[in-house]
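Asker: Kindly return the folded structure for what I paste below:
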Amino acid sequence: MHEHITPTMYYFGVHLMFASIVCLAAWILTSIPRGSATTKYWIWVATSLNFMLPLGAVIDKFWKSHLLWATPLPMIGGPALTITQGSTAVVLL
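Answerer: Next comes the predicted model:
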């Protein structure tokens, strides 16, 4: 039962971390006073799409064999494994 929850929690954590980094970058880019409204709009559209689509899980599912340099992030994987063991896993399921 736990083997299905742990990867999901890991992907969710990685996705939120990278979506937050992209959101911060978009906020910095759109704070530039001379930027056009159209450019700022499309930056936020791209940021929204990045938040809605979990690209990390898609890349891991289909291109894992091609990305030999990519390794799991222990700062997210460790807590995900801890959370999904024990009584918390039943609540998450």
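Asker: Check which residues of the longest helix along the chain are buried.
Answerer: In the chain, taking DSSP state H as the definition, the longest helix is helix 2-30. By neighbour count on 16 or more other C-beta atoms under 10 Å, the buried set for helix 2-30 is 5-6, 9-11, 13-15, 19, 22, 26. All C-beta spots, glycine's among them, are computed from the backbone N, C-alpha and C.
Asker: Closest one of those to P79?
Answerer: For the buried residues of helix 2-30, the minimum distance to P79 (C-beta to C-beta) is 7.4 Å, reached by G13.
Asker: from memory that closest one sits against P54, does it?
Answerer: No: shown here, G13 and P54 do not form a contact pair, counting by C-beta atoms under 8 Å, at 10.9 Å.
Asker: hmm, back to that, for the longest helix of the chain, packing partners?
Answerer: Helix 2-30 is packed against helix 37-52, helix 55-63, helix 74-83, helix 87-92, with contacts defined by 3 or more C-beta pairs under 8 Å, 6 or more residues apart in numbering; DSSP states H and E.
Asker: That helix vs helix 37-52, what angle?
Answerer: Angle, helix 2-30 to helix 37-52, by axes from the mean of the first three to the mean of the last three C-alpha atoms, to 10 degrees: 170 degrees.
Asker: and A19, what does it touch?
Answerer: Contacts for A19 (C-beta atoms under 8 Å, 6 or more residues apart in numbering) come out as 50-51.
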